[in-house]
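Trainee: Pasting the sequence and the predicted model now:
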Amino acid sequence: MLSETMKAILLFLSLFATLSQLKAQSNADKSSVTIKNFDTTELAIQKYYHFAVQYKEGKGVPIDYQKAFNYFERAANLGDSQSVYAIGYMHYKGLGCRQDYALAARLFAQGAYGGRDNSMYFYGLAWRNGYGLSQNEDSAQYWLKKSAALGYKQAILELKSKAPENSNAQAQQLVQKIRNAALPEQIPLNQFIPIRPKAPDSTVIAGDYEGYVIQYDWSGKYPVSTKKLNLFLEQGQTNLTGKWLEEGADSVTVQVALQKDSLVFNGTSYKRKDHYSLDRGIEYDFQNATLNLVRKEDSVYLAGNIYMFSPDRKEPSKPLLVALVRTVNKNMADIDTASQTTTAKLLSVYPNPFTSYLNVELEVNEATKVGIELYNIEGQRVYSKPPQPLVKGTFKIRIEPSMHLAKETYVLRLVFTGGQEAVKVIKK
């Protein structure tokens, strides 16, 4: 028989073995839980990031920047550095969240110091343009070169640019010079301001316009480029048609419909270049144009905001301000031809409506005498320019009817040998 001492020793050994086994099992369980939690976090990041990209790029769902931002934020909170960059990117452009350069710069700094090439690039841009940081070309060059060294294409292209995007002095000067009534006079002109639209009449809008497209940065505070713009609009049966001709961009035929308070460009797309795409134009679709029609003295202005969307980038364009003045009224739908002769014909009459004077452009196909007359709606002649001999060619004549004319509709007649042509004009 075992002594009491031996029994105690055996019991102790048994208990020790049991405890060792339980400890080993406990450690195994802890290891299992740790691995399981790690897998769950990674799967959650992948899921949130996938949903974010879906909503940002419209993959199988409608584009929704706010939902995209929310999913990026969830993934970032779980430690995903790419999602931290994405949140900075969306704050930089104001997609689905408040546009905030300072916050974007802090998020890009986090990624840049972590070795991310895309964060380095945008952090360099923030230093170069002074977006959210004090402008510093040395710091900009440092981060852009680090990004370029990692092969980031946009950083390589930016280093080839001699100046930042917002160094365009011409744009700065032009904004200061724009002083037409289409822009809110009580608001500083050095800031992109949405303009309250008016419901225009398509027959009044028709004409040839020239002016500028001014592009702003994402905050709408800094004009970054200016390009000359010609817009030719003609009255169709139901809508306006015409051509948009922008410097450095593809010209495009536009179909324009009037909807309550805006001009809508239907199914129109074209390519335009900017600071970040100098070699090739980026395709943009016109979404709508909120243009304000203003008559001031003897000029007609169109000014307002153009909104575009890039199907390639799945993003809207930077804010664009259009400032145009009508040069020639092409709306000759009211011309009444009283003779089949082609001795002479009206080409255009502008500005229409007019305040003090009218420019009359005409074409003479053979030598003839040409006069101009103006009649009120009762058929009374209120102005006459005696006929004078003209040789074959194109002419522009400026007439100044009496300043005391009533504000109403008149009929301007071009009178020549063998016939006449007439067009309605409005005194405002």
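Mentor: Thanks, I have it.
Trainee: What is the end-to-end distance of stretch 383-399?
Mentor: End-to-end distance for stretch 383-399, by C-alpha to C-alpha, to the nearest Å: 9 Å.
Trainee: Residue 410 belongs to a strand?
Mentor: Yes: counting by DSSP: H, G, I helix; E, B strand; the rest coil, residue 410 falls inside a strand.
Trainee: from memory it sits against residue 378, does it?
Mentor: No: contact status for residue 410 versus residue 378: not in contact, 10.5 Å apart, counting by C-beta atoms under 8 Å. For every residue, glycine as well, the C-beta is placed using N, CA and C.
Trainee: Have a look at these two and say which one is more surrounded.
Mentor: The neighbour comparison of residue 410 against residue 378 (other C-beta atoms under 10 Å) goes to residue 410, with 21 against 7.
Trainee: residue ranges with poor pLDDT in the chain?
Mentor: Applying pLDDT under 70 to the chain flags the ranges 1-39, 169-204, 236-238, 259-263, 278, 290-300, 327-342.
Trainee: cutoff 50 now
Mentor: 1-2, 22, 28-36, 179-197, 330-333, 337-340 (pLDDT under 50).
Trainee: Tell me where it has helices.
Mentor: Using DSSP state H, the helices of the chain run over residues 4-57, 65-77, 81-93, 101-113, 117-129, 137-149, 153-160, 169-177, 202-205.
Trainee: Skipping its backbone neighbours, what lies nearest residue 312 in space?
Mentor: The shortest distance from residue 312 to any residue other than its chain neighbours is 5.6 Å, reached at residue 283 (C-beta to C-beta, 6 or more residues apart in numbering).
Trainee: OK, contacts around the one you found?
Mentor: Counting by C-beta atoms under 8 Å, 6 or more residues apart in numbering, residue 283 touches 269-271, 310-312.
Trainee: distance of residue 274 from residue 163?
Mentor: 14 Å (C-beta to C-beta, to the nearest Å).
Trainee: for residue 113, same thing?
Mentor: Per C-beta to C-beta, residue 113 is found 27 Å from residue 163.
Trainee: swap in residue 213?
Mentor: Between residue 213 and residue 163 the computed distance is 20 Å (C-beta to C-beta).
Trainee: And residue 276, by the same measure?
Mentor: Distance, residue 276 to residue 163, using C-beta to C-beta: 13 Å.
Trainee: Residue 271 now?
Mentor: 23 Å.
Trainee: Which one's more surrounded, these two?
Mentor: residue 271 (17 against 11).
Trainee: so the more buried one sits right up against residue 248, yeah?
Mentor: No: the pair residue 271 / residue 248 is not scored as a contact, 9.8 Å apart, by C-beta under 8 Å.
Trainee: hmm, back to that, tell me the most packed of the contacts of residue 283, by neighbour count.
Mentor: Per-residue neighbour counts (other C-beta under 10 Å) across the contacts of residue 283 peak at residue 270, which has 19 neighbours.
Trainee: Any idea what that residue is bridged to?
Mentor: Counting by DSSP bridges, residue 270 forms beta bridges with residue 284.
Trainee: Does it touch residue 253 like I think?
Mentor: No: using C-beta under 8 Å, residue 270 is not in contact with residue 253, being 9.6 Å away.
Trainee: Quick check: neighbours shared by the two?
Mentor: With C-beta under 8 Å, 6+ apart, residue 270 and residue 253 have common neighbours residue 244.
Trainee: Quick check: closest non-adjacent residue to residue 426.
Mentor: Of all residues not flanking residue 426 in the chain, residue 353 sits nearest, at 3.9 Å (C-beta to C-beta, 6+ apart).
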